[in-house]
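**Q** sequence-free structure coming up:
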């Protein structure tokens, strides 16, 4: 019997899947299938789908980023309102205000006879200097002296100017004047000036608003155009520590070009209008 043409008895047949056939160059048919690439049409379809997805996601991401900024801004205002309350507790219920001895920076800026002192006019100045007092804390800037842990709270993350970076550096350097992102009312439309009772504004409404986003769309000079959150919405903080974000419809919370050309009189009237609108909010 010829043994080389038969399987020897006692040896098992090989078990397992049938191997793929080898191609001419030694590559299996399975490997060939795995090496097949995208066609041009398939590649274009993938690129189109990715582009559409990015287009759908970008507005959502932008909206989410703006929401975070508005929320952080409200948090900063809340910290300032709490600082005002702590200050009042240490000063016979009186809120911080600009010094009564210094003329209003706004009035001086317009070159008119000074009709009001710093404590009587709403202001965003937190550090200033004069020949009589030297460098002094102004308005809510008093909170920087032991009542505020982080000076960044003076600035809105949605400030559309470069002030947050520049003014923070000026705080470190002691340069003046320094502007906050928020307008603080002082005794403007709040004659009593106590945290428990600010008094009534000129419309007979109880004064409750402490701070508001600084929004000026004056186009007379480049540095007079300054907004938070693109001028809409506007955040407001109140004497009880609460706050809210409101739509700035018809610029009711902003200084407008019409408020500038009348000089000091119309600027002061505009600040009064903004404060009264703030007090009217629920």
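**A** That came through fine. Bear in mind the structure is a predicted one, so any value in this text is a computation, not a measurement. Residues are numbered from 1 along each chain as shown.
**Q** make it CA atoms for all contacts and neighbour counts henceforth
**A** Fine.
**Q** what's the spacing between the residue lying closest to residue 203 once chain neighbours are set aside and residue 189?
**A** Leaving aside its sequence neighbours, residue 203 sits nearest to residue 276 (CA to CA, 6 or more residues apart in numbering; 7.4 Å). Applying CA to CA, to the nearest Å, the value for residue 276 to residue 189 is 8 Å.
**Q** which residues are in contact with both of those two?
**A** Residues touching both residue 276 and residue 189 (CA atoms under 8 Å, 6 or more residues apart in numbering): 201, 202, 207.
**Q** List only those of those residues flagged as buried.
**A** For the shared contacts of residue 276 and residue 189, a burial check counting by 16 or more other CA atoms under 10 Å picks out 201, 207.
**Q** ok, the shared contacts of residue 276 and residue 189 vs residue 50, which is closest?
**A** Of all the shared contacts of residue 276 and residue 189, residue 50 sits closest to residue 207, with 53.2 Å by CA to CA.
**Q** coming back round to it: quick check: helices, which of the shared contacts of residue 276 and residue 189 are part of them?
**A** Using DSSP state H to define helices, no part of those is located there.
**Q** Name the nearest of the shared contacts of residue 276 and residue 189 relative to residue 265.
**A** Among these, residue 202 lies closest to residue 265 (CA to CA), at 15.8 Å.
**Q** burial of the residue lying closest to the closest one once chain neighbours are set aside, as a residue count?
**A** Spatial nearest neighbour of residue 202, excluding adjacent residues (CA to CA, 6+ apart): residue 189 at 6.4 Å. For residue 189, the neighbour count with other CA atoms under 10 Å is 27.
**Q** Equivalent analysis for the one 4 residues further on, please.
**A** Using other CA under 10 Å, residue 193 has 21 neighbouring residues.
**Q** Please verify my assumption that residue 254 contacts residue 224.
**A** No: with contact defined as CA atoms under 8 Å, residue 254 and residue 224 do not form a contacting pair (11.8 Å).
**Q** Could you tell me the per-residue confidence at the most centrally placed residue in the chain?
**A** Central residue of the chain (CA atoms, centre = their mean): residue 158, 2.5 Å from the mean position. Residue 158 is assigned a pLDDT of 92 by the prediction.
**Q** ok, now residue 217?
**A** The model reports residue 217 with a pLDDT of 90.
**Q** Could you give the bridge partners of it?
**A** Bridge pairing for residue 217 (DSSP bridges) gives the partners residue 225.
**Q** Checking the residue nearest to residue 203 next. Helix, strand or coil?
**A** Under the three-state scheme (DSSP: H, G, I helix; E, B strand; the rest coil), residue 276 adopts helix.
**Q** now swap in residue 176 and tell me
**A** Of the three states, residue 176 takes coil under three-state DSSP.
**Q** mind checking how far the nearest residue to it once chain neighbours are set aside is from residue 135?
**A** Spatial nearest neighbour of residue 176, excluding adjacent residues (CA to CA, 6+ apart): residue 128 at 5.2 Å. Going from residue 128 to residue 135 by CA to CA gives 6 Å.
**Q** Quick check: neighbours shared by the two?
**A** By CA under 8 Å, 6+ apart, residue 128 and residue 135 have these common neighbours: residue 176.
**Q** These two: which is more packed in?
**A** Applying other CA under 10 Å to residue 128 and residue 135 shows that residue 128 carries more neighbours, namely 21 against 15.
**Q** Have a look at this protein and report its longest helix.
**A** Assignment by DSSP H gives helix 40-90 as the longest helix of the chain.
**Q** What is that helix packed up against?
**A** If you count contacts as 3 or more CA pairs under 8 Å, 6 or more residues apart in numbering; DSSP states H and E, helix 40-90 packs onto strand 209-213, strand 234-238, strand 243-246.
**Q** And the pLDDT for residue 77?
**A** Residue 77 is assigned a pLDDT of 96 by the prediction.
**Q** pretty sure it is in contact with residue 157, am I right?
**A** No: using CA under 8 Å, residue 77 is not in contact with residue 157; the gap is 11.3 Å.
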